[in-house]
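# return a 3D structure for these sequence lines:
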Amino acid sequence: MGKVIAIANQKGGVGKTTTSINLAASLGVLEKKVLLIDADPQANATSGLGIDVETVEIGTYQILEHSNTPKEAIIKSASPNVDVIPSHIDLVAIEIELVDKENREYMLKKALEEIKEEYDYIIIDCAPSLGLLTLNALTASDSVVIPIQCEYFALEGLGKLLNTIKSIQKIHNPDLDIEGLLLTMFDSRLRLSNQVVEEVQKHFNDMVFETIIQRNVKLSEAPSFGESIINYDATSKGATNYLQLAHEIIKKNSK
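Below you'll find the model as predicted:
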C-alpha cells in the first residue's frame, strides 16, 4: 500500500516544489516506485521534471473533477521509477468549481483509491495556500512534510498551518501525521540560518528531520533544465541532501 505524503506550507518560496521533485527523484533512485502529483496551478513540479505544461490535456484538474481517472493522467518522467500526474493553469478554477460539490474535500482521496496500491510513495506538491486544493491534498494524505526556510520569517504562519492540520485531523482525516519539519535553504555562513535551526529544533524536537537542505546553486538551476537534482548533478550538495532525506523517510516508514 502506497504512502501518500503531502508537501505543504501556505508560505511561498520555502522549497515545496524543489522538495517534491527531488524527494520523488531520490526515492525513485532508491528503487521505490513513486507518483508525484502536481496540485499547484503554477505547475512548477510538472515543468521541473521536463514535462511541457502546454501539452497537458489530462491532469490534476480532471482528476479532482472526476472527469478522468488517475491512470489516464499519469505520465512517465525521465527520472527512474517516477510517474507524474501533471498540473496546468486551469487548476486555478477548481476551488470555485468544487465549492458547491458534496464531499468536496474528499475528491482527491477518492480518485487515488484505485492507484494507491501501485506505488510505494505518492508525493503531492501543494499550492502555497490553505484553500480547497491543499485541503484535498491533506485529506488524501497519510502524512505531511512541512518545508521551513532558514530565514527570519520562517516560523510566521507555521502556527496557522499546524492549526489547519489539527482541524483536518479532527474533521476529515484522523490518520494524518506530520512526517516532519524540513529545514531548507540553509546557509551555514549566516548566523540567522543557524539561529532559525536552533529555534525550530528547540520548539519541535523530534518533529524536525535530521536532514537539512543547504542552499545550493545547482538546486536552483536544475528546474530550468527540466531535471531533478539527481539527474542534473548527482554529485552536488543538493543531491546528497535529498538522498539523505529519502533514506530518512524510508527508514522512518520501515519501522
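# what packs against the lengthiest strand in the chain?
For the chain, the longest strand by residue count, based on DSSP state E, is strand 177-186. Strand 177-186 sits against helix 16-29, strand 143-149, helix 191-204, strand 208-214, helix 237-253, with contacts defined as 3 or more Cβ pairs under 8 Å, 6 or more residues apart in numbering; DSSP states H and E. Every C-beta, even on glycine, is put in place using the N, C-alpha and C of the backbone.
# Glu97: helix or strand, and which one exactly?
For Glu97, the element it lies in under DSSP states H and E is helix 94-98.
# need the next SSE after that helix, C-terminal direction.
helix 107-112.
# returning to what we had before: could you redo the helices and strands packed on strand 177-186 as a markdown table and give each row mean pLDDT?
As requested, the helices and strands packed on strand 177-186 are exported to a markdown table (pLDDT from 0 to 100):
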| stretch | mean pLDDT |
| --- | --- |
| helix 16-29 | 97 |
| strand 143-149 | 95 |
| helix 191-204 | 88 |
| strand 208-214 | 95 |
| helix 237-253 | 95 |
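# redo those as a markdown table? Include distance to Ser67 and mean neighbour count.
Conversion of the helices and strands packed on strand 177-186 to a markdown table gives the following (distance: least, Cβ to Cβ, whole Å; neighbours: other Cβ atoms under 10 Å):
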| stretch | distance to Ser67 | mean neighbour count |
| --- | --- | --- |
| helix 16-29 | 24 | 27 |
| strand 143-149 | 27 | 23 |
| helix 191-204 | 40 | 15 |
| strand 208-214 | 37 | 19 |
| helix 237-253 | 33 | 19 |
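# got these as a markdown table, with distance to Leu130 columns?
Formatted as a markdown table, the helices and strands packed on strand 177-186 follow (distance: least, Cβ to Cβ, whole Å):
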| stretch | distance to Leu130 |
| --- | --- |
| helix 16-29 | 13 |
| strand 143-149 | 12 |
| helix 191-204 | 20 |
| strand 208-214 | 22 |
| helix 237-253 | 24 |
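# out of these, the one nearest Glu65 is which?
Of all the helices and strands packed on strand 177-186, helix 16-29 sits nearest to Glu65, with 22.1 Å by Cβ to Cβ.
# ok, the next helix or strand after the closest one: who's next to it in the sheet?
Beyond helix 16-29 in the direction of the C-terminus, DSSP H and E gives the next helix or strand as strand 34-39. Looking at strand 34-39 with DSSP bridges, its partner strands are strand 82-85 (parallel), strand 121-126 (parallel).
# ok, and what's touching strand 34-39?
Contacts to strand 34-39, defined as Cβ atoms under 8 Å, 6 or more residues apart in numbering, come from residues 2, 20-21, 24, 27-28, 44-46, 49, 59-60, 74, 77, 81-87, 91, 108, 115, 118-127, 133-134, 136-137.
# that older thread, let's have the strands paired with strand 34-39 in JSON lines, adding mean neighbour count.
Below are these laid out as JSON lines (neighbours: other Cβ atoms under 10 Å):
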{"stretch": "strand 82-85", "mean neighbour count": "26"}
{"stretch": "strand 121-126", "mean neighbour count": "28"}
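# quick one: the longest strand of the chain to helix 16-29, angle?
110 degrees (axes from the mean of the first three to the mean of the last three Cα atoms, to 10 degrees).
# thinking again about what came up before, minimum distance to Asn163: which of the helices and strands packed on strand 177-186 has it?
Of all those, strand 143-149 comes closest under Cβ to Cβ, at 12.8 Å.
# please pull out the lowest mean pLDDT helix or strand from this protein.
When the helices and strands of the chain are scored by mean pLDDT, DSSP states H and E, helix 94-98 comes last with a mean of 83.
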